[in-house]
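Novice: sequence-free structure coming up:
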Ligand code: ATP
Ligand code: MG
(Lines give C-alpha, C1' and ligand atoms only; values in the text may rest on other atoms or scores of the structure.)
(Ligands and ions follow the chains in the order given, each with its own letter.)
Protein backbone atom coordinates (compact mmCIF):
# COMPACT_ATOMS: atom_id res chain seq x y z
CA UNK A 1 0.00 0.00 0.00
CA UNK A 2 1.45 3.30 -1.02
CA UNK A 3 1.59 6.05 1.51
CA UNK A 4 -1.13 8.68 1.16
CA UNK A 5 -1.45 11.79 3.21
CA UNK A 6 -3.86 12.09 6.07
CA UNK A 7 -7.49 12.91 5.53
CA UNK A 8 -7.55 12.40 1.81
CA UNK A 9 -10.46 10.53 0.39
CA UNK A 10 -8.89 8.91 -2.58
CA UNK A 11 -10.79 5.67 -2.91
CA UNK A 12 -10.66 4.16 -6.36
CA UNK A 13 -9.44 7.12 -8.28
CA UNK A 14 -6.86 6.53 -10.94
CA UNK A 15 -6.37 10.12 -11.91
CA UNK A 16 -2.92 11.28 -12.76
CA UNK A 17 -1.35 12.96 -9.75
CA UNK A 18 0.97 15.62 -11.05
CA UNK A 19 3.41 17.57 -8.91
CA UNK A 20 4.42 21.01 -10.11
CA UNK A 21 7.62 22.60 -8.95
CA UNK A 22 7.73 26.27 -9.87
CA UNK A 23 10.68 28.55 -9.36
CA UNK A 24 13.39 30.54 -11.01
CA UNK A 25 15.91 27.69 -10.76
CA UNK A 26 18.85 30.04 -11.18
CA UNK A 27 20.40 27.53 -10.80
CA UNK A 28 18.47 24.37 -9.89
CA UNK A 29 20.14 22.74 -6.86
CA UNK A 30 19.82 19.55 -4.87
CA UNK A 31 17.38 21.23 -2.43
CA UNK A 32 14.88 21.46 -5.30
CA UNK A 33 15.47 17.87 -6.37
CA UNK A 34 15.21 16.40 -2.88
CA UNK A 35 11.98 18.35 -2.34
CA UNK A 36 10.47 17.08 -5.59
CA UNK A 37 11.45 13.49 -4.88
CA UNK A 38 10.11 13.61 -1.34
CA UNK A 39 6.81 15.12 -2.51
CA UNK A 40 6.49 12.35 -5.05
CA UNK A 41 6.96 9.79 -2.31
CA UNK A 42 4.87 11.35 0.46
CA UNK A 43 1.92 12.26 -1.79
CA UNK A 44 2.08 9.32 -4.20
CA UNK A 45 2.56 11.58 -7.19
CA UNK A 46 3.01 10.04 -10.61
CA UNK A 47 5.14 12.75 -12.13
CA UNK A 48 6.84 16.01 -11.31
CA UNK A 49 6.91 18.89 -13.72
CA UNK A 50 9.55 21.58 -13.21
CA UNK A 51 8.21 24.89 -14.44
CA UNK A 52 10.87 27.59 -14.58
CA UNK A 53 9.43 31.08 -14.53
CA UNK A 54 10.20 33.64 -17.18
CA UNK A 55 9.72 36.90 -15.35
CA UNK A 56 8.64 36.33 -11.76
CA UNK A 57 6.16 39.12 -10.94
CA UNK A 58 7.90 39.88 -7.65
CA UNK A 59 11.52 39.90 -8.78
CA UNK A 60 13.62 42.14 -10.96
CA UNK A 61 13.74 40.97 -14.54
CA UNK A 62 17.40 41.67 -15.21
CA UNK A 63 18.44 39.61 -12.20
CA UNK A 64 18.04 36.36 -14.12
CA UNK A 65 20.24 34.16 -16.21
CA UNK A 66 19.08 33.31 -19.66
CA UNK A 67 15.98 31.18 -19.72
CA UNK A 68 17.76 28.67 -21.93
CA UNK A 69 20.58 28.23 -19.41
CA UNK A 70 18.11 27.70 -16.57
CA UNK A 71 16.20 25.15 -18.67
CA UNK A 72 19.37 23.39 -19.74
CA UNK A 73 20.46 23.03 -16.13
CA UNK A 74 17.09 21.54 -15.20
CA UNK A 75 17.38 19.07 -18.04
CA UNK A 76 20.87 18.06 -16.96
CA UNK A 77 19.64 17.60 -13.39
CA UNK A 78 16.65 15.39 -14.19
CA UNK A 79 18.33 13.29 -16.85
CA UNK A 80 17.74 9.62 -16.21
CA UNK A 81 14.66 10.18 -14.04
CA UNK A 82 11.62 9.28 -16.16
CA UNK A 83 9.25 10.78 -13.57
CA UNK A 84 10.72 14.26 -13.76
CA UNK A 85 10.25 16.60 -16.69
CA UNK A 86 10.54 20.28 -17.53
CA UNK A 87 7.83 22.51 -18.95
CA UNK A 88 8.51 25.75 -20.78
CA UNK A 89 4.97 27.11 -20.58
CA UNK A 90 5.90 30.08 -18.41
CA UNK A 91 8.84 30.91 -20.62
CA UNK A 92 6.79 30.81 -23.78
CA UNK A 93 4.09 33.06 -22.38
CA UNK A 94 4.41 36.82 -22.76
CA UNK A 95 4.74 38.97 -19.67
CA UNK A 96 4.84 37.96 -16.02
CA UNK A 97 3.73 34.48 -14.98
CA UNK A 98 1.04 34.08 -12.38
CA UNK A 99 0.66 30.74 -10.70
CA UNK A 100 -3.08 30.68 -11.37
CA UNK A 101 -2.57 30.99 -15.13
CA UNK A 102 0.08 28.31 -15.12
CA UNK A 103 -2.14 25.91 -13.20
CA UNK A 104 -5.05 26.53 -15.57
CA UNK A 105 -2.85 25.92 -18.57
CA UNK A 106 -1.46 22.70 -17.14
CA UNK A 107 -5.01 21.56 -16.41
CA UNK A 108 -5.96 22.29 -20.01
CA UNK A 109 -2.95 20.34 -21.26
CA UNK A 110 -3.31 17.32 -18.99
CA UNK A 111 -7.10 17.29 -18.71
CA UNK A 112 -9.44 18.26 -15.89
CA UNK A 113 -9.14 14.89 -14.18
CA UNK A 114 -5.46 15.36 -13.51
CA UNK A 115 -4.88 16.24 -9.87
CA UNK A 116 -2.38 19.02 -9.46
CA UNK A 117 -0.08 19.46 -6.49
CA UNK A 118 1.89 22.66 -6.48
CA UNK A 119 5.10 22.13 -4.50
CA UNK A 120 6.81 25.06 -2.85
CA UNK A 121 9.11 25.82 -0.01
CA UNK A 122 7.29 26.89 3.13
CA UNK A 123 8.71 30.36 2.57
CA UNK A 124 7.04 30.70 -0.80
CA UNK A 125 3.61 29.39 0.12
CA UNK A 126 2.54 32.45 2.10
CA UNK A 127 3.68 34.64 -0.77
CA UNK A 128 1.58 32.66 -3.23
CA UNK A 129 -1.45 32.77 -0.98
CA UNK A 130 -1.27 36.54 -0.88
CA UNK A 131 -0.62 37.12 -4.59
CA UNK A 132 -4.09 36.61 -5.92
CA UNK A 133 -7.38 35.17 -4.80
CA UNK A 134 -6.38 31.90 -3.08
CA UNK A 135 -9.85 30.46 -3.65
CA UNK A 136 -9.14 30.45 -7.36
CA UNK A 137 -5.86 28.70 -6.73
CA UNK A 138 -7.57 26.03 -4.65
CA UNK A 139 -10.01 25.26 -7.44
CA UNK A 140 -7.05 24.26 -9.61
CA UNK A 141 -4.57 22.66 -7.27
CA UNK A 142 -3.53 21.50 -3.88
CA UNK A 143 -0.35 22.90 -2.37
CA UNK A 144 2.52 21.13 -0.73
CA UNK A 145 4.62 23.32 1.53
CA UNK A 146 8.04 21.88 2.23
CA UNK A 147 9.73 22.73 5.49
CA UNK A 148 12.55 24.75 4.14
CA UNK A 149 15.10 25.24 6.90
CA UNK A 150 14.36 28.30 8.97
CA UNK A 151 10.61 28.30 8.38
CA UNK A 152 8.63 26.70 11.12
CA UNK A 153 5.56 24.67 10.27
CA UNK A 154 3.81 25.94 13.34
CA UNK A 155 4.20 29.50 12.18
CA UNK A 156 2.85 28.60 8.78
CA UNK A 157 -0.07 26.59 10.12
CA UNK A 158 -1.00 29.46 12.42
CA UNK A 159 -1.03 31.86 9.48
CA UNK A 160 -3.06 29.73 7.09
CA UNK A 161 -6.65 29.81 8.41
CA UNK A 162 -6.68 33.52 7.58
CA UNK A 163 -6.86 32.65 3.94
CA UNK A 164 -10.23 30.99 3.76
CA UNK A 165 -13.07 32.23 1.67
CA UNK A 166 -16.18 30.80 0.02
CA UNK A 167 -15.99 27.81 2.31
CA UNK A 168 -12.68 26.73 0.95
CA UNK A 169 -10.51 26.43 3.99
CA UNK A 170 -6.85 26.86 3.22
CA UNK A 171 -5.90 23.96 5.47
CA UNK A 172 -7.77 21.56 3.18
CA UNK A 173 -5.71 22.58 0.22
CA UNK A 174 -2.34 23.23 1.75
CA UNK A 175 -0.40 20.26 3.04
CA UNK A 176 2.79 20.41 5.02
CA UNK A 177 5.70 18.19 4.14
CA UNK A 178 8.77 17.61 6.21
CA UNK A 179 11.89 17.14 4.16
CA UNK A 180 15.49 16.44 5.03
CA UNK A 181 16.82 19.90 5.80
CA UNK A 182 19.06 21.26 3.08
CA UNK A 183 20.04 24.82 3.80
CA UNK A 184 20.82 25.62 0.18
CA UNK A 185 19.55 28.44 -1.99
CA UNK A 186 20.29 29.53 -5.52
CA UNK A 187 21.23 32.97 -4.18
CA UNK A 188 23.86 31.34 -2.02
CA UNK A 189 25.19 29.29 -4.94
CA UNK A 190 25.43 32.37 -7.20
CA UNK A 191 27.35 34.18 -4.46
CA UNK A 192 29.70 31.23 -4.03
CA UNK A 193 30.45 31.12 -7.75
CA UNK A 194 31.13 34.86 -7.79
CA UNK A 195 33.41 34.62 -4.78
CA UNK A 196 35.29 31.62 -6.12
CA UNK A 197 34.06 29.39 -3.28
CA UNK A 198 33.27 25.71 -3.85
CA UNK A 199 29.75 24.83 -4.94
CA UNK A 200 30.33 21.31 -6.18
CA UNK A 201 27.77 18.80 -4.74
CA UNK A 202 25.27 21.58 -4.01
CA UNK A 203 24.16 21.06 -7.59
CA UNK A 204 24.17 17.98 -9.81
CA UNK A 205 27.62 17.35 -11.23
CA UNK A 206 26.64 18.16 -14.81
CA UNK A 207 25.27 21.52 -13.62
CA UNK A 208 28.49 22.24 -11.75
CA UNK A 209 30.35 21.70 -15.03
CA UNK A 210 27.80 23.69 -17.07
CA UNK A 211 28.08 26.75 -14.80
CA UNK A 212 31.84 26.77 -15.10
CA UNK A 213 31.92 26.12 -18.85
CA UNK A 214 29.41 28.88 -19.53
CA UNK A 215 30.94 31.25 -17.00
CA UNK A 216 27.59 31.82 -15.30
CA UNK A 217 27.20 33.93 -12.15
CA UNK A 218 30.62 35.52 -12.31
CA UNK A 219 29.10 38.98 -12.19
CA UNK A 220 26.64 40.34 -9.71
CA UNK A 221 23.08 39.72 -10.99
P1 LIG B 1 16.67 32.12 -4.86
O2 LIG B 1 17.69 32.13 -3.75
O3 LIG B 1 17.16 32.70 -6.15
O4 LIG B 1 15.33 32.64 -4.44
P5 LIG B 1 15.86 29.40 -4.36
O6 LIG B 1 16.96 28.50 -3.90
O7 LIG B 1 14.90 29.91 -3.35
O8 LIG B 1 16.49 30.58 -5.21
P9 LIG B 1 13.77 29.13 -6.25
O10 LIG B 1 13.94 28.88 -7.68
O11 LIG B 1 13.39 30.48 -5.77
O12 LIG B 1 15.13 28.68 -5.52
O13 LIG B 1 12.85 28.05 -5.58
C14 LIG B 1 11.89 27.27 -6.21
C15 LIG B 1 11.10 26.53 -5.14
O16 LIG B 1 11.96 25.65 -4.39
C17 LIG B 1 10.49 27.48 -4.11
O18 LIG B 1 9.23 26.98 -3.78
C19 LIG B 1 11.45 27.39 -2.93
O20 LIG B 1 10.79 27.67 -1.73
C21 LIG B 1 11.88 25.93 -3.00
N22 LIG B 1 13.22 25.72 -2.45
C23 LIG B 1 14.35 26.35 -2.77
N24 LIG B 1 15.41 25.88 -2.08
C25 LIG B 1 14.93 24.91 -1.26
C26 LIG B 1 15.53 24.05 -0.28
N27 LIG B 1 16.81 24.10 0.00
N28 LIG B 1 14.72 23.17 0.34
C29 LIG B 1 13.39 23.14 0.05
N30 LIG B 1 12.77 23.91 -0.85
C31 LIG B 1 13.52 24.79 -1.51
MG1 MG C 1 13.61 31.56 -3.70
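Specialist: Now that the structure is in, tell me what you want to look at. Here the structure is a predicted model, which is why all the values come from computation and not from measurement. Numbering: from 1, shown residues only. Ligands and ions are numbered 1, 2, ... in the order given.
Novice: Show me which residues of this protein are close to ligand 1?
Specialist: By C-beta under 6 Å from any ligand atom, the residues of the chain that approach ligand 1 are 23-26, 31-32, 35, 120-121, 123-124, 146, 148, 182, 184-187. C-betas here are computed from N, CA, C, even on glycine.
Novice: how about 8 Å then?
Specialist: Residues of the chain lying close to ligand 1 (C-beta under 8 Å from any ligand atom) are 21-26, 28-32, 34-35, 52-53, 59, 119-125, 146-149, 179, 181-190.
Novice: Mind checking which of the residues you listed are buried?
Specialist: Buried members of those, counted by 16 or more other C-beta atoms under 10 Å: 21-26, 28-32, 34-35, 52-53, 119-125, 146-148, 179, 182, 184-186, 189-190.
Novice: Which members of those residues occur in strands, if any?
Specialist: Counting by DSSP state E, these place 21-23, 52, 119-121, 146 in strands.
Novice: would JSON lines of the residues you listed with pLDDT be doable?
Specialist: As requested, those are exported to JSON lines (pLDDT from 0 to 100):
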{"residue": "21", "pLDDT": "96"}
{"residue": "22", "pLDDT": "92"}
{"residue": "23", "pLDDT": "91"}
{"residue": "52", "pLDDT": "94"}
{"residue": "119", "pLDDT": "96"}
{"residue": "120", "pLDDT": "89"}
{"residue": "121", "pLDDT": "83"}
{"residue": "146", "pLDDT": "89"}
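Novice: Tell me which two of those residues sit farthest apart.
Specialist: Largest separation among those by C-beta to C-beta: 52 and 146, giving 17.8 Å.
Novice: What mean pLDDT does the helix or strand residue 40 falls within get?
Specialist: Secondary structure from DSSP states H and E places residue 40 in helix 30-42. Taken as a whole, helix 30-42 has an average pLDDT of 96.
Novice: what do you get for stretch 87-103?
Specialist: The pLDDT scores in stretch 87-103 average 86.
Novice: Counting neighbours, which bits of that stretch end up buried?
Specialist: Residues of stretch 87-103 classed as buried: 87, 89-91, 93, 97-103 (neighbour count, 16+ other C-beta under 10 Å).
Novice: Make a markdown table out of those residues and add secondary structure.
Specialist: Shown next, in a markdown table, are those (DSSP: H, G, I helix; E, B strand; the rest coil):
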| residue | secondary structure |
| --- | --- |
| 87 | coil |
| 89 | helix |
| 90 | helix |
| 91 | helix |
| 93 | coil |
| 97 | coil |
| 98 | coil |
| 99 | helix |
| 100 | helix |
| 101 | helix |
| 102 | helix |
| 103 | helix |
